[in-house]
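1. No sequence on hand, only this structure:
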């Protein structure tokens, strides 16, 4: 089974886009789930159109394939804070980044690589901490 890597990013207007790293497919939506669904619909539409029009399409569309999603740290921050799952105060504790700075990242300011790394480490800490409770 082919695994297709897809990147999820927050657009400047606050919506989300998803695109395949090594394939031609992409999607867009107001939420991460909507963007993922849009990309799946685009893949289906592409195959249907190719069959109708008689042109080639990627062979993996005929079989089973797996999508592996990767979300950039600031998009994940925006998603969880705006959904109400995390607070800026909590994220400040996890990342060591001031709440005002985190807020500016949520609103579209681009963090430097060191700040993106700190945000990602904060999420990885949560992941590791939760996995000890549920997996062991």
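-> Happy to help now that I have it. Not measured: the values here are computed from a predicted model. Residues are numbered from 1 along each chain as shown.
2. So what are the sheet partners of the lengthiest strand in the chain and their directions?
-> In terms of residue count, the longest strand belonging to the chain (DSSP state E) is strand 2-10. Sheet partners assigned to strand 2-10 using DSSP bridges are listed as strand 16-20 (antiparallel), strand 65-71 (parallel).
3. low pLDDT regions in the protein?
-> The model of the chain has pLDDT under 70 over residues 135-136.
4. Is residue 46 within a helix or a strand, and which one?
-> Using DSSP states H and E, residue 46 sits in helix 32-53.
5. Which strands or helices does that helix pack on?
-> In terms of contact count using 3 or more CB pairs under 8 Å, 6 or more residues apart in numbering; DSSP states H and E, helix 32-53 is assigned the packing partners strand 2-10, strand 16-20, strand 26-29, strand 65-71. Where C-beta positions appear, they are placed from N, C-alpha and C, glycine not excepted.
6. Of those, flag the one that's most buried.
-> strand 16-20 (a mean of 21; mean count of other CB atoms under 10 Å).
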